[in-house]
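Student: Quick one, fold the following:
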Amino acid sequence: MKKKKIKFKGRLRNYMCGPLYFTIVWVCADATAFTYDKKLGTCLTGFTVVYLALVLCLYFKCKNIVAGELINFATKYSIVQKKLLNEFEIPYALLERSGKILWMNEKFSEKMDINKNYHKSITTLFPTVTREFLAKSEDVSDLRIENDDCVVRLMLNRIYFDSVADENEIIDAEGADEFLTALYVFDETELHSYKKEIEEQKQVCSLVYIDNYDEALDSIEDVKRSLLVALIDRRVNQYFAKYDGLVRKIETDKYFVVFKYKYLQQMKDDKFKVLDEVKAIKVGNEMAVTLSIGIGIKSDKYNENYEYARNAIDLALGRGGDQVVIKNKDDISYIGGKSKQVESKTRVKARVKAQALQEIIETCENVLIMGHSITDVDSLGAGVGIYCAAKSIDKKAQIVINDPTSSVRPLLETFTTEKGYPDDMFINSAEALEMVSRDTLVMVVDTNRPSYTECPDLLKRTDKIVVFDHHRQNSEIIENPTLSYIEPYASSACEMVAEVLQYFNDGIKINATEADCIYAGILIDTNNFMTKTGVRTFEAAAFLKRSGAEVTRVRKMLRNDMACYKARAEAVRHAEVYRGAFAISVCPSENVESPTIVGAQAANELLNIIGIKASFVLTEYNGKIYISSRSIDEINVQLIMEKLGGGGHLNVAGAQLSDCTVVQAKHMIQDTIDEMLKEGDIEE
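Tutor: Model prediction:
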């Protein structure tokens, strides 16, 4: 094989050949010298020959020496680089495109507890780093892996061949997409433990309220009242003392509690046993004492945590009490809320709300009243009641209804111009948006969720908003209402409005048509006074009866047509019994104008079957799946519906599902029941 000579390239070649190039200068000088003086030219020519011979001698003699020195330097430099990389403090490895380990440094070998001849796939060390992951990941990507004993962060950096083979004469990598992956392993176990400790040491603000303090004391002898209060104080203090909590009583029925975040999970695990412990206190009191707890978490500011706790306790009370609400900036969770709220015997709150509502209406320009979408009888009746209140103080009021269904149309037809009602008493959303202003009062009845209202945009056009509702609150609420009256114990929104009307403007007179409409709302929501009825329900009905409500007339207006009756019968006939106690059925919506109403009626009918503890009827309507759920007293259907994004009461609840089929919705209900049975939230 012919031995190739060493050739220099680039700047080094120019540097080594520089003296040779300078010979040209001497040749030009010789030519100039011969022109003027031949003797001088001869001398310069001799000097040039000697210079050229000397330069050529030095060039060929030093060429191999310089090349050898450069090769020696490059070799040593490469060895130093390799040594530094091998002893690099961060675990480092090179991977093929397939994930096979090509090379690793000592720290990687030590960290992974493998020898340096380990050339298997990286997936054997980190199961989440698969071949597919390496192919899909970006040029630089991070991956966090948490195990029981350590936390590591992997940084993967692609090294493309064309970037390292630029100007390389051995291979041509231009346009190739082949690459190696450089893997760096950062042990963040200690950092994670510090972060976790900081998080666990954060302060958690909590407010603990006794829901029925006055009612419980009224149900006990005077001599035992102090004992009952002392026992409640003792249970609350003992419970939070287990978790190093600081408890301070700020009012007779309110406590402020501070504890560390790390204990919150333990409280969740025992499902805040203090709720049941306080409920179990019996010293002669007829009524069980219940607590509501609001907790604010995950803020770096103590004031913000306290505000979260305030919002949480308001939500807990609005949902009926006897539960824990945990709130942070972006999330709300609920624990408890299984027991039925006891009806308040005093009507002081209704009187206060009536006076506040009167003051608000007096200061507004006009009133727009709306309930939930697909207006039902309760929503309409409550709206008519508020219309009467505004009319009594000479304020223009209108009720927003977009598409009246067959269930409410008979009631709407009674409000005619012959009876003195204006043509624009009922308007749609488009008309309402034209009439709203900053001085308009928007009155929301029978719902407290903005997305459920007939026209959510109305809520953004005014600062004066009043909410009257009997449903438990959820995480989605109407923000900053001027007045909020939410009573989950009430049977219906019509019951609440009927109570308020008795104190509004020193008691107003309503005619028989208006009384019929409000009475119909109570009748429907109580299933003919069989569900969620209390003393105040019958008192409201008595007031409406005195105002001219006629039971027979209302019953005629609430009758169903033949298609609705058949649809209800079909839903009952095809009901499936799940786990021996839960009836699940589908209500047909073909040729039925108000299928959701029929679905609710079918759910009520299913409770008449022996052994059925809860019923769920699904209705497909307008691209959504509407679920009506009912129970008598053993199952809290509100908790089940909340899991599906809905809400309601303990015995009457519902939900709306989008982007799913009836079959999928049925499976979702079954899975939710199974999950809650497993967790003990409901009992079979």
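Student: where do the helices sit along the stretch 201-350 of the chain?
Tutor: With helices called from DSSP state H, counting those that start in this stretch, the stretch 201-350 of the chain shows them at 213-218, 222-241, 264-269, 274-279, 302-318, 348-362.
Student: same question, the stretch 351-500 of the chain
Tutor: 377-392, 409-412, 429-435, 493-503.
Student: count of residues packed around the nearest residue to residue 239 once chain neighbours are set aside?
Tutor: Leaving out its chain neighbours, the residue that sits closest to residue 239 by C-beta to C-beta, 6 or more residues apart in numbering is residue 274, at 3.9 Å. Yep, even glycine has a C-beta here, placed from its N, CA and C like the rest. The number of residues packed near residue 274 is 22, by other C-beta atoms under 10 Å.
Student: do the same with the one 10 residues further on
Tutor: Residue neighbour count, defined by other C-beta under 10 Å, stands at 12 for residue 284.
Student: what about the helices of the stretch 201-350 of the chain, which gets the closest to residue 124?
Tutor: Among the helices of the stretch 201-350 of the chain, the nearest to residue 124 by C-beta to C-beta is helix 264-269 (34.2 Å).
Student: then the closest one to CSV, C-alphas only?
Tutor: Taking Å, rounded to 0.1, in the frame of the first residue of the first chain, the C-alpha atoms of helix 264-269 are listed here in CSV:
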residue,chain,number,x,y,z
LEU,A,264,-55.3,17.8,56.1
GLN,A,265,-55.0,14.4,54.3
GLN,A,266,-55.3,12.6,57.6
MET,A,267,-58.6,14.5,58.2
LYS,A,268,-59.8,13.6,54.7
ASP,A,269,-59.0,9.9,55.4
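Student: Now it: buried residues?
Tutor: The neighbour-count criterion (16 or more other C-beta atoms under 10 Å) identifies 264, 267 as the buried residues of helix 264-269.
Student: pLDDT (mean, whole number) over that helix?
Tutor: For helix 264-269, mean pLDDT rounds to 91.
Student: and it, what other elements does it pack with?
Tutor: The helices and strands touching helix 264-269, judged by 3 or more C-beta pairs under 8 Å, 6 or more residues apart in numbering; DSSP states H and E, number zero.
Student: what's the spacing between residue 384 and residue 31?
Tutor: Separation of residue 384 from residue 31 (C-beta to C-beta, to the nearest Å) stands at 120 Å.
Student: what's the answer for residue 612, then?
Tutor: Counting by C-beta to C-beta - residue 612 and residue 31 are separated by 121 Å.
Student: how about the closest residue to residue 502 other than its chain neighbours, what does it touch?
Tutor: Counting by C-beta to C-beta, 6+ apart, residue 502 lies nearest to residue 543, which is 5.9 Å off, once chain neighbours are set aside. If a contact means C-beta atoms under 8 Å, 6 or more residues apart in numbering, then residue 543 has 498, 501, 502 as its contacts.
Student: just to revisit the earlier point, please say which of residue 384 and residue 31 ends up with more neighbours.
Tutor: Set side by side, residue 384 and residue 31 show more neighbours around residue 384, with 31 against 12, by other C-beta under 10 Å.
Student: And the pLDDT for the more buried one?
Tutor: Note for residue 384: predicted pLDDT of 96.
Student: so what's the nearest residue to it once chain neighbours are set aside up against?
Tutor: Excluding the flanking residues, the one nearest residue 384 by C-beta to C-beta, 6+ apart is residue 517, at 4.6 Å. If you count contacts by C-beta under 8 Å, 6+ apart, residue 517 has them with 377, 380, 381, 384, 411, 414.
Student: Please identify which of the residues you listed is nearest to residue 240.
Tutor: Checking those one by one against residue 240 (C-beta to C-beta), the nearest turns out to be residue 381, at 44.8 Å.
Student: And that closest one, how close does it get to residue 467?
Tutor: 17 Å.
Student: Compare these two (neighbour count), which wins?
Tutor: Applying other C-beta under 10 Å to residue 381 and residue 467 shows that residue 381 carries more neighbours, namely 33 against 24.
Student: Before we move on, what's the pLDDT of that one?
Tutor: On the pLDDT scale, residue 381 is placed at 96.
Student: Let me know the distance separating residue 267 from residue 326.
Tutor: Distance of residue 267 to residue 326, given as C-beta to C-beta: 9 Å.
Student: I'd guess residue 665 is in a helix, am I close?
Tutor: Yes - counting by DSSP: H, G, I helix; E, B strand; the rest coil, residue 665 is found in a helix.
Student: Now name the helix or strand holding the closest residue to it other than its chain neighbours.
Tutor: Spatial nearest neighbour of residue 665, excluding adjacent residues (C-beta to C-beta, 6+ apart): residue 625 at 4.5 Å. Applying DSSP states H and E as the criterion places residue 625 in strand 624-631.
Student: Return the alpha-carbon coordinates of that strand using CSV.
Tutor: Only the C-alpha atoms of strand 624-631 are listed here, as CSV (Å, rounded to 0.1, in the frame of the first residue of the first chain):
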residue,chain,number,x,y,z
LYS,A,624,-77.7,16.5,25.8
ILE,A,625,-78.5,13.7,28.3
TYR,A,626,-80.6,14.9,31.1
ILE,A,627,-80.6,12.8,34.3
SER,A,628,-83.4,13.0,36.9
SER,A,629,-82.6,11.2,40.1
ARG,A,630,-84.9,10.6,43.1
SER,A,631,-84.8,8.9,46.5
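Student: Indicate each strand paired with it and its parallel or antiparallel sense.
Tutor: Note on strand 624-631: by DSSP bridges, its sheet partners are strand 614-621 (antiparallel), strand 652-657 (antiparallel).
Student: Now do the same for residue 433: its pLDDT.
Tutor: With respect to pLDDT, residue 433 has a value of 94.
Student: how close does it get to residue 464?
Tutor: The spacing between residue 433 and residue 464, counted by C-beta to C-beta, is 16 Å.
Student: more neighbours, the two?
Tutor: Set residue 433 next to residue 464 and count neighbours by other C-beta under 10 Å: residue 464 wins out with 20 against 15.
Student: can you pull up the bridge partners for that one?
Tutor: For residue 464, the beta-bridge partners are residue 441 (DSSP bridges).
Student: where does the stretch 201-350 of the chain dip in pLDDT?
Tutor: 338-346 (pLDDT under 70).
Student: among the helices and strands of this structure, which one scores worst on average pLDDT?
Tutor: When each helix and strand of the chain is scored by mean pLDDT, DSSP states H and E, helix 161-164 comes last, with a mean of 56.
Student: Pull out the buried positions in stretch 224-234.
Tutor: Those would be 225, 228, 229, 231, 232, for stretch 224-234 by 16+ other C-beta under 10 Å.
Student: Among the residues you listed, which one sits closest to residue 645?
Tutor: Among the buried residues of stretch 224-234, residue 232 lies closest to residue 645 (C-beta to C-beta), at 35.1 Å.
Student: Contacts only, for that closest one.
Tutor: Counting by C-beta under 8 Å, 6+ apart, residue 232 touches 210, 278, 281, 289.
Student: ok, the closest residue to the third one other than its chain neighbours to residue 225 distance?
Tutor: Spelled out, it's residue 281. Nearest residue to residue 281 in three dimensions, chain neighbours excluded: residue 231, at 5.0 Å (C-beta to C-beta, 6+ apart). Using C-beta to C-beta, residue 231 is found at 11 Å from residue 225.
Student: Is residue 180 in a helix, a strand, or coil?
Tutor: strand.
Student: Can you report how many residues lie near the closest residue to it other than its chain neighbours?
Tutor: Among residues not flanking residue 180 along the chain, residue 159 sits closest, at 4.7 Å (C-beta to C-beta, 6+ apart). Neighbourhood size, residue 159 [other C-beta under 10 Å]: 13.
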